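In: What follows is a predicted protein model with its sequence.
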Amino acid sequence: MLRNLMLILVCAASPQALAEGDPEYGQYLSSECVTCHLGKATEGGIPSINGYDSDGFQQIMKLYRSKELENPTMQTIAGRLTDEDIAALAAYYSALPQPE
Amino acid sequence: MTEFSRRQFSAGLLGLGAVTAGLNLPAYAQGKKPKVVVIGGGAGGATAARYLAKDSKGAIDVTLIEPTKKYYTCFFSNLYLGGLRDYDSIGHTYDGLASNHGVNVVHDWAVGVDKAAKTVELGSGTKISYDRLIISPGIDMKYESVNGYSIEGQDTMPHAWKSGTQVALLKSQVENMKEGGTFVMVPPPNPYRCPPGPYERISMIAHILSKKNPTAKIIVLDPKEKFSKQALFQEGWDKNYPNMVEWIPASISGGVKNINMDTMEIETDIDTFKADAASVVPAQKAGAICDRAGITDGDWCPIVPASMQTKADPNIYVLGDASVASAMPKSGFSANSQAKVAAMAIRGELTGSKVFAPRFANTCWSLIDTNNGVKVGANYKAGEEKIEVVDKFISKTGESDDVRKTTYEESEAWYSAISADMFS
């Protein structure tokens, strides 16, 4: 479901490109994500975010941050992420292979 | 004493002057492979060992000391109790830490710490030296906090607060209660491991009894006046298990005055309750190795918020339930989060790797009934003196069945992910 949402968001994205982040910083920040997001494919619950498109990732996180997307856990996690943090996470996760 | 003055002091003592300042260089600068010893293979210790070994890529020698060969998680043990999870599914070995990351896993008890010599003594008598030590032993019970309860009585009225066989025993006792019998739960006073845990346990026992023994009763003799997720649990008990659960705070009962383990009677000011099965969870304190290491202040271990370094010794770090983590609850999620902060700080000290600003997080999911999950959580920052809340959330009463099912499915996914984050 989230992946479909991501595709919709990517299609609806504004033409301006989103920031390029620092993957090393993103790897550090990702240690907070991996407590819940498994690196391999999962059934329901919490999706794997490995291999996400960078722009889509950033848009989703910003929608959680502004509370336009529901889920209080993600709203809280995204709530303290800066644009730089989100770009770094997107750079790190988008470079990982998608789960099979 | 500052780092500078300590160096001067060492040099002066040895009479060798400034050329010996190198004695205080970090291990990596001296060309030695630094050693980190981790005591305790739970959510704090296993995560710390894994991150230290994984992220240092062999530059740090990591030893994990854990007596059990198979670790049964406390989190989700209530789901096993409620018949919603197999016992085997909450058990994990340390094989992945050894084979994937080169962690030296030693199955023994840590019985002493020599801070001056920087060694850990094992039950076998072996001593293991360290440059940095992480202590993550979880909790010990203060059996004497409940009159009449004792370590010998823990199989009669299991606390079942360290997962494993005690939970299996409690499950059997609940399932074999006589028809229309009474289960008595005595939760612990604050602070304790897993704040919503006693109330999820009550929910899961109600779940079993509502199917197998629907006229049975559950009496909760709480030493507290309020508890975690209270409105959510009480709404759930009223809706899903009507007239089965009676929660009695200490302001009404006067608290538990005495327990007679032979007659299964629990005495309070208002009544003496005869239990057909019971779970008594006493007050708690940091695992005994913390006292032996001399790092406790009262029952728990004070820490430096930015690194989880103990205030008693700059070479020792404390994680999870044993630490005074202020706003963070004593939970597996918290311990896992703290472990990553400590591992990063230690790696920075020992190998010169980059250290980013610490970040902490926690979410505690609880199950009220099948597909009826609720959650509470927060993220945190390191303040000067304490770990402080940045933002927090909690499930709402009156949520739809769909939201509760989604929350439960989240918890299942989290269990898989955190288990991998600890053991894979």
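Out: Looks like it arrived, so ask away.

In: Okay, now the sheet partners of whichever strand or helix holds B:Lys381, with direction.
Out: With the criterion set as DSSP states H and E, the secondary-structure element containing B:Lys381 is strand B:372-382. Neighbouring strands of strand B:372-382 in its sheet, by DSSP bridges, are strand B:360-369 (antiparallel), strand B:387-394 (antiparallel).

In: Tabulate the ones you listed (JSON lines), appending mean neighbour count and distance to B:Ala286.
Out: Yep, even glycine has a C-beta here, placed from its N, CA and C like the rest. Output for the strands paired with strand B:372-382, formatted as JSON lines (neighbours: other Cβ atoms under 10 Å in any protein chain shown; distance: least, Cβ to Cβ, whole Å):
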{"stretch": "strand B:360-369", "mean neighbour count": "25", "distance to B:Ala286": "19"}
{"stretch": "strand B:387-394", "mean neighbour count": "17", "distance to B:Ala286": "16"}
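
In: Run through the residues of chain A sitting next to chain B.
Out: A:24-25, A:28-29, A:31-32, A:34-39, A:42, A:44-46, A:72-73, A:75-77, A:79-80 (Cβ under 8 Å from any Cβ of the partner chain).

In: ok so, going back, any idea how far the strand holding B:Lys381 is from the chain center?
Out: Taking Cα atoms, centre = their mean, to the nearest Å, one finds the center of strand B:372-382 at 16 Å from the center of the full chain.

In: quick one: average pLDDT of that strand?
Out: Taken as a whole, strand B:372-382 carries a mean pLDDT of 97.

In: Quick one: neighbours of the closest residue to chain B within chain A, just the number.
Out: Ranking the residues of chain A by distance to chain B (Cβ to the nearest Cβ) places A:Gly45 first, at 2.9 Å. Other residues near A:Gly45 come to 20 when the count uses other Cβ atoms under 10 Å in any protein chain shown.

In: Now do the nearest residue to it once chain neighbours are set aside against B:Asn78, distance only.
Out: Among residues not flanking A:Gly45 along the chain, B:Ala413 sits closest, at 2.9 Å (Cβ to Cβ, 6 or more residues apart in numbering or on different chains). Counting by Cβ to Cβ, to the nearest Å, the gap from B:Ala413 to B:Asn78 is 18 Å.

In: B:Gly332 contacts B:Phe76, doesn't it?
Out: No - using Cβ atoms under 8 Å, B:Gly332 is not in contact with B:Phe76; the gap is 9.3 Å.

In: Settle it for me: which of those two has more neighbours?
Out: Each of B:Gly332 and B:Phe76 had its neighbours counted (other Cβ under 10 Å), and the higher figure belongs to B:Gly332 (27 against 24).

In: which residues touch the more buried one?
Out: Listed by Cβ atoms under 8 Å, 6 or more residues apart in numbering or on different chains, the contact set of B:Gly332 reads B:Gly42, B:Ala43, B:Thr73, B:Cys74, B:Phe75, B:Cys194, B:Gly320, B:Ile418.

In: B:Asp297 too?
Out: Here B:Asp297 is in contact with B:Lys311, B:Ala312, B:Val324 (Cβ under 8 Å, 6+ apart).

In: just the buried members of those?
Out: If you count burial by 16 or more other Cβ atoms under 10 Å in any protein chain shown, the buried members of the contacts of B:Asp297 come out as B:Ala312, B:Val324.

In: Tell me the one among the contacts of B:Asp297 nearest to chain A.
Out: B:Val324 (21.9 Å).

In: got the domain boundaries for chain B?
Out: As assigned by automatic domain parsing, chain B contains the domains B:33-138+B:287-356, B:144-282.

In: Make JSON lines from the strands paired with strand B:372-382 and add mean pLDDT to it.
Out: Converted to JSON lines, the strands paired with strand B:372-382 look like this (pLDDT from 0 to 100):
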{"stretch": "strand B:360-369", "mean pLDDT": "97"}
{"stretch": "strand B:387-394", "mean pLDDT": "97"}
